[in-house]
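J.: heads up, no residue letters with this:
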């Protein structure tokens, strides 16, 4: 099979998803139906579906079929960080980027968040709070909180870049620190309230405080390990 | 072959690249040597190499071997934009993100750029200038200019996010506009000079002017097509 055929069948399947407005979790036609519809062999369909699964556009569930992936087409390790040394400098590069990016995202969320967005951000905040109060690991729930704010920003590129950033953050070793956990409780709630009240400056500053608080911890740890 | 074996062989090959400090363009051992070294079958190696090529970590050149990709492990369409409607709103989302991000990147480049970085940024600038003066398409060269600044920022995450953003920008229809081409000449050179002189505010403001200039064009076009 030529590379261009495999490529164009991938495009055809993407087009099928977008024109039928399929959502994450929706089921695709069977391999047989796709082959028929797109007028190519089943092995071509199989190859294209595999490639789209590796791009996190489709999700293959053995025995039940092929579905639109909830991953929004963002691959594992989208920044290719596995290729570079994951050291303390990279952790600072990451928090520095977040401090450029996420305060503006929170400000936009304060401008654009719908009632539904506010509810979802509030729920994500409560989940983090419960984990912290029960002394459990909350890195993943924390990412979901930040991604909920990104969605509320109304900017589709921000939404995706934040997903890219958060899928690249290594498991945060600082979440075990008591004072960081307590500060997270406070700042998260401040951000949620500011967004709900459309307080743009409040949301921006809340996010700066929250991220800089984490950054201060990292700085102290860096000094200690010198 | 189990998914976990294919996955772990991918990790092994990545480790081989990082521990041997292979650079983009460097050649990998042959399939036979890899199978021997990693103690798995050649079909497993073939599958892993294919998967790494689709992640843009490796590049397979038919007949001459497998190489480390210059793409830094960043896939085609890393933000999954093929899944969302590419309309004027998405173009504004993109320029709005760039205006959050790239002025800070330029400011960091003014702080951290080495002499070598400055030379590379200058060369990238000259390439764009020549294309503009010869009335040729310069979108790709323009991306290279912005990516050279990103590398000079000294922040590896910024470097990669800018590559993600620029690989997602659709061919820019505005580059045919005469006044935009002229302004690009002026602002690019201002940014280059500010970075060379370590003028942080100058670099930041130069980038804001440059990007907002593009944004103004987009706004005028949007009004005209209403």
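T.: Received the coordinates, thanks. Keep in mind that what you see is a predicted model, and the values were worked out from it rather than measured. Numbering: from 1, shown residues only, chains lettered A, B, ... in the order given.

J.: Pull the contacting residues for the residue nearest the centre of chain A.
T.: Centroid-nearest residue in chain A: residue A:163, 2.5 Å away (criterion: C-alpha atoms, centre = their mean). By C-beta atoms under 8 Å, 6 or more residues apart in numbering or on different chains, the contact set of residue A:163 is A:72, A:74, A:147, A:150. For glycine as for every other residue, the C-beta is placed from the backbone atoms N, C-alpha and C.

J.: And the furthest pair within these?
T.: Within those, A:74 and A:150 form the most distant pair, 12.3 Å apart (C-beta to C-beta).

J.: quick one on the thing from earlier: so for the helix or strand encompassing the residue nearest to the centre of chain A, mean pLDDT?
T.: Element membership for residue A:163 (DSSP states H and E) is helix A:156-168. Averaged across helix A:156-168, pLDDT comes to 90.

J.: Also stretch A:45-58?
T.: So the average pLDDT for stretch A:45-58 ends up being 88.

J.: try stretch A:80-96
T.: Mean predicted lDDT for stretch A:80-96 stands at 86.

J.: before we move on, back to that, higher neighbour count, residue A:74 and residue A:150?
T.: Set side by side, residue A:74 and residue A:150 show more neighbours around residue A:150, with 26 against 22, by other C-beta atoms under 10 Å in any protein chain shown.

J.: Torsion angles phi and psi at the more buried one?
T.: phi -60, psi -40 (degrees, to the nearest 10).

J.: Could you find the closest non-adjacent residue to it?
T.: Excluding the flanking residues, the one nearest residue A:150 by C-beta to C-beta, 6 or more residues apart in numbering or on different chains is residue A:162, at 3.7 Å.

J.: contacting residues for the one you found?
T.: A:101-102, A:105, A:146-147, A:149-150.

J.: Try it again at 10 Å.
T.: Applying C-beta atoms under 10 Å, 6 or more residues apart in numbering or on different chains, we find residue A:162 in contact with A:98, A:101-102, A:105, A:143, A:146-151, A:153, A:155.

J.: Residue B:149 versus that one, what's the distance?
T.: Distance of residue A:162 to residue B:149, given as C-beta to C-beta, to the nearest Å: 22 Å.

J.: What helix or strand is residue A:66 located in?
T.: strand A:65-68.

J.: returning to that earlier point: for the contacts of residue A:162, could you give me a markdown table that also reports secondary structure?
T.: Converted to a markdown table, the contacts of residue A:162 look like this (DSSP: H, G, I helix; E, B strand; the rest coil):
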| residue | secondary structure |
| --- | --- |
| A:98 | helix |
| A:101 | helix |
| A:102 | helix |
| A:105 | helix |
| A:143 | helix |
| A:146 | helix |
| A:147 | helix |
| A:148 | helix |
| A:149 | helix |
| A:150 | helix |
| A:151 | helix |
| A:153 | coil |
| A:155 | coil |
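
J.: Which of the residues you listed has the largest number of neighbours?
T.: The residue in the contacts of residue A:162 with the most neighbours, by other C-beta under 10 Å, is residue A:149 (29 neighbours).

J.: Show the contacting residues for the closest residue to it other than its chain neighbours.
T.: In this structure, residue A:149 finds its nearest non-sequential neighbour in residue A:109, 4.8 Å apart by C-beta to C-beta, 6+ apart. Residues in contact with residue A:109, defined by C-beta under 10 Å, 6+ apart, are A:102, A:117-118, A:121, A:148-155, A:158, A:191-192, A:194-196, A:198, A:200, A:203-204, A:207.

J.: Likewise for residue A:71?
T.: Contacts of residue A:71 (C-beta under 10 Å, 6+ apart): A:24, A:53, A:55-59, A:163, A:167, B:80.

J.: rerun that using 8 Å as the cut-off
T.: A:24, A:56-57, A:59, B:80.

J.: Which two of those residues have the greatest separation?
T.: Pairwise distances across the contacts of residue A:71 peak at 13.3 Å for A:59 and B:80 (criterion: C-beta to C-beta).

J.: what about the two, which has more around it?
T.: Taking neighbours as other C-beta under 10 Å, residue A:59 and residue B:80 compare with residue B:80 leading, 23 against 17.

J.: now the more buried one: how far from chain A?
T.: Taking C-beta to the nearest C-beta, to the nearest Å as the measure, residue B:80 falls 2 Å from chain A.
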